[in-house]
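Asks: sequence first, predicted coordinates after that:
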Amino acid sequence: MTQAITRRLLLGASIATTAAPALAQGAWPNRPIRFISPWPPGGPADLIGRPIIEKVAAALGQPVVLETRPGAGGTLAVASVARAAPDGYTVLFSQAGPNAITPAFRSVPYDPIRDFIPVTQLVSSGLVFVVRPGIAANTVAELVNVARASNPGLNFGSIGPASTTHLAGEMFMRAAGINLLHVPYTGSTQPITDMLAGRIDMGFWNIGAVMGHIQSGMLRPLAVTTLGRSSRLPNVPALAETYPGLEMNSWYGVHMPAGTPQPIIDRLHTEFVAAVRAPDVSARLIEAGLEIEGTSPAQFAQKIAGDLQRMQELQRATGLRAE
């Protein structure tokens, strides 16, 4: 199935379309471009999206207008771009959740492969696996032993069912052969607070959200969920070092509606990669705990295929459904 998904994505990423409405109407772009974000103001839209599109706008000579359309776990915004005209004037600020994870756990009003052309993965954001100080484990192996010996068992918090913070825990349990009680919340602030208070034993959180607590010694990092080690936590091993192939990270990227002319895809790829790699932008994003990517459309297509395939396999194995 992975090969089939990859072929479909690569076709969308690499084959130029014959219909070119935007090019037929004159040089592109000749009017403002809409940059659709699935998140409300103040989140990834402002931290990641805004500084990048400011540079893209300067390079293109046209405004790139940030439009936030939160709701339904990001799927409302994604669906709106799937229905948009493929003329180069509607760009999706895409993310792993609505574009590669949610479609594996519930029905969505778009096809994450056929309805879009991937342009570039801008950044990635791994999770860090942390435990509260009262847990007598300094390594993943020690934690597994503690979990097997605990009665009652240990628990882990998440920001909600089928979120990356939940799925990371499910993947870890399956790889380690242990059981942990999942305690879902509706955001990251309260479960992290409860970890500090000793009510939650462990969790998988965005590095930026818990970095201060790690530095203060209030939370102990055991591993990161990227395939390699994080530049922010270089001394913390990856879970994949113990369980090969175990990966759970989030990413942010750029997608266009299927049918967008290839010259527009190529130009957008050039400008978005240049923007995210600009020294002032990349320094700000790295400080926030993000890894700079700037991949090719083909590389991004393969990333999406791998993520979607792993999530579909996890859904079949666990029966999990997103709300």
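Replies: Ah, there it is.
Asks: how about the helices in the stretch 51-200 of the chain?
Replies: 75-82, 96, 102-105, 140-149, 164-176, 189-196 (DSSP state H, counting those that start in this stretch).
Asks: so which of those helices is the most packed in?
Replies: helix 96 (a mean of 24; mean count of other Cβ atoms under 10 Å). For glycine as for every other residue, the C-beta is placed from the backbone atoms N, C-alpha and C.
Asks: please name every helix or strand in contact with that one.
Replies: Packed against helix 96, as judged by 3 or more Cβ pairs under 8 Å, 6 or more residues apart in numbering; DSSP states H and E, are the following elements: strand 249-257.
Asks: now Ala209, what's its secondary structure?
Replies: With DSSP: H, G, I helix; E, B strand; the rest coil as the basis, the three-state label of Ala209 is helix.
Asks: you'd agree it is up against Ile192?
Replies: Yes. Between Ala209 and Ile192 there is a contact under Cβ atoms under 8 Å: 6.6 Å.
Asks: okay if I get the helices of the stretch 51-200 of the chain as JSON lines plus distance to Ile117 and mean pLDDT?
Replies: As requested, the helices of the stretch 51-200 of the chain are exported to JSON lines (distance: least, Cβ to Cβ, whole Å; pLDDT from 0 to 100):
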{"stretch": "helix 75-82", "distance to Ile117": "11", "mean pLDDT": "97"}
{"stretch": "helix 96", "distance to Ile117": "17", "mean pLDDT": "94"}
{"stretch": "helix 102-105", "distance to Ile117": "17", "mean pLDDT": "95"}
{"stretch": "helix 140-149", "distance to Ile117": "39", "mean pLDDT": "97"}
{"stretch": "helix 164-176", "distance to Ile117": "24", "mean pLDDT": "96"}
{"stretch": "helix 189-196", "distance to Ile117": "36", "mean pLDDT": "95"}
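Asks: Ala301: neighbour count?
Replies: 25 (other Cβ atoms under 10 Å).
Asks: I figured it hits Pro118, correct?
Replies: Yes. Contact criterion Cβ under 8 Å: Ala301 and Pro118 qualify, at 5.1 Å.
Asks: for this structure, what helix or strand is lowest in average pLDDT?
Replies: helix 21-24 (a mean of 46; mean pLDDT, DSSP states H and E).
Asks: just want the angle from whichever strand or helix holds Asp266 to strand 249-257.
Replies: Following DSSP states H and E, one finds Asp266 within helix 262-277. Counting by axes from the mean of the first three to the mean of the last three Cα atoms, to 10 degrees, helix 262-277 points 150 degrees away from the direction of strand 249-257.
Asks: thought Lys55 was touching Arg277?
Replies: No. Counting by Cβ under 8 Å, Lys55 does not reach Arg277; the two are 10.0 Å apart.
Asks: quick one, which of the two is more surrounded?
Replies: Between Lys55 and Arg277, Lys55 has the larger neighbour count (other Cβ under 10 Å), namely 19 against 14.
Asks: in stretch 249-266, what's buried?
Replies: For stretch 249-266, the neighbour count (16 or more other Cβ atoms under 10 Å) marks 249-262, 264-265 as buried.
Asks: just to revisit the earlier point, and the helices of the stretch 51-200 of the chain as CSV, adding distance to Ala317?
Replies: Putting the helices of the stretch 51-200 of the chain into CSV (distance: least, Cβ to Cβ, whole Å) gives the following:
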stretch, distance to Ala317
helix 75-82, 23
helix 96, 19
helix 102-105, 11
helix 140-149, 19
helix 164-176, 7
helix 189-196, 25
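Asks: so how far is stretch 30-40 off the chain centroid?
Replies: Mean-position distance between stretch 30-40 and its chain equals 19 Å (Cα atoms, centre = their mean, to the nearest Å).
Asks: sorry, that was for stretch 292-308
Replies: Distance, centroid of stretch 292-308 to centroid of chain: 11 Å (Cα atoms, centre = their mean).
Asks: swap in stretch 93-112?
Replies: Worked out by Cα atoms, centre = their mean, stretch 93-112 lies 11 Å from the chain centre.
Asks: what comes up buried for that stretch?
Replies: For stretch 93-112, burial by neighbour count (16+ other Cβ under 10 Å) applies to 93-105, 108, 110, 112.
Asks: repeat that for stretch 82-92.
Replies: 82, 84, 86-92.
Asks: next one: it to chain centre, how far?
Replies: Worked out by Cα atoms, centre = their mean, stretch 82-92 lies 21 Å from the chain centre.
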